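Quick one, fold the following:
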Amino acid sequence: SQQAYKIYKELQYLAKDSKAEILYFPDLEILAYDRFSTSIDIISARQRVLYKLTQNPTNTILVASISTILRKLAPTNFITEYSFILKVGDTLDITKQKTQLVESGYTLVNNVFEKGEFSIRGSIIDIYPIGAKQAFRIDLFDDDVDSIKELDLETQRSANEVKHIDLMPSHEFIY
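Coordinates of the predicted model:
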């Protein structure tokens, strides 16, 4: 795993002028039958790489260790169905989105405090995507995304508008 990351960094340096996108697929960093769960940040990084591979696999170099490659991965249709990028101006059906978030492993709560949680109050959706450093508030006007702002978890107030957010499943496999 360490050697794969070293090769990834070297390829990034050597191919900085090329059009190829170089991706590193991180290891889960646990043994196969450990009772520990993998870090949410690692799962998010893995989901993001798999999502990028489903969107544009051409001109892409994927670097991973052998032990990482030998593990089973989520099917492609799972990644494409439950991962998406939400942008200001997109159309969003709240009922469908609620179902999709629950099916991809997010937890519906009254107030968002931890990664993997979301809340719906009228036309406002608060969500803390896995792998994100910040929670977000999505304001809807009818079915259109009017704005996406960063959410302060302590005060539950929004500030600093962003253009898009990446929503990835909270687990690699949903049972």
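
got the contact list for residue 7?
The contact partners of residue 7, taken as Cβ atoms under 8 Å, 6 or more residues apart in numbering, are residue 63. Placement of C-beta: from N, CA and C, glycine included.

go on, residue 166?
48, 51, 83, 85, 129, 131, 132.

residues near the fifth one, how many?
Meaning residue 129. Using other Cβ atoms under 10 Å, residue 129 has 23 neighbouring residues.

Same question for the lowest-mean-pLDDT helix or strand in the chain: list its buried residues.
Lowest on mean pLDDT, DSSP states H and E among the helices and strands of the chain sits helix 76-82, with a mean of 79. Residues of helix 76-82 classed as buried: 78, 79, 82 (neighbour count, 16 or more other Cβ atoms under 10 Å).

Turn those residues into TSV, columns for distance to residue 9.
Below are the buried residues of helix 76-82 laid out as TSV (distance: Cβ to Cβ, whole Å):
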residue	distance to residue 9
78	30
79	25
82	30
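
Show me which of the residues you listed is closest to residue 60.
Closest approach to residue 60 among the buried residues of helix 76-82 (Cβ to Cβ): residue 79, at 14.8 Å.

how near is the closest one to residue 12?
Going from residue 79 to residue 12 by Cβ to Cβ, to the nearest Å gives 24 Å.
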